[in-house]
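[1] Build me a model from this:
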Amino acid sequence: MAPCGGSPQSDPTDPRLIQWHETRVPPPQIRRLLRVTGRGPHADLLTSPDLPPGAAITYFDPDYELTTFGEALDLFMTMPA
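    Residues are numbered from 1 along each chain as shown. Next comes the predicted model:
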């Protein structure tokens, strides 16, 4: 697995996998991530068709974490701008 440093890029040909410590779900490829929202360049809420239904990924530089979409969306909606 190739590590991915920094926020995901929007290159549709990028085959790299995100790097995380999650064991329940295999990491999706960077090109399969959709950015839902974020705060600056170092915090993103992401989703992917490769995730289980209702799941999302939070990215807080440098860590990716699997979470539920609702909890992550609440977190981002209540963050200060």
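[2] Which residue ranges of the protein form strands?
    Counting by DSSP state E, the chain has strands at residues 34-38, 43-47, 55-60, 63-68.
[3] Nearest to residue 28 among these would be which one?
    Nearest to residue 28 among the strands of the chain is strand 55-60 (7.8 Å), distances taken as Cβ to Cβ. For every residue, glycine as well, the C-beta is placed using N, CA and C.
[4] Model confidence at residue 39, what's the number?
    For residue 39, the pLDDT comes out at 89.
[5] again, but for residue 68
    So residue 68 comes in at 97 (pLDDT).
[6] Please name the nearest non-neighbouring residue to it.
    In space, and not counting its chain neighbours, residue 68 is closest to residue 54: 5.8 Å by Cβ to Cβ, 6 or more residues apart in numbering.
[7] isn't residue 17 right up against residue 32?
    No - with contact defined as Cβ atoms under 8 Å, residue 17 does not reach residue 32; the gap is 9.5 Å.
[8] Between the two, which has more neighbouring residues?
    residue 32 (19 against 16; other Cβ atoms under 10 Å).
[9] Hmm, the more buried one is touching residue 46, no?
    No - look at residue 32 against residue 46 with Cβ under 8 Å: they stay out of range, at 9.7 Å.
[10] Which of the strands of the chain sits closest to residue 26?
    Checking those against residue 26 by Cβ to Cβ gives strand 63-68 as the closest, at 10.6 Å.
[11] ok, residues contacting that closest one?
    Strand 63-68 is contacted from outside by 18-20, 22, 24-25, 27, 51, 54-59, using Cβ atoms under 8 Å, 6 or more residues apart in numbering.
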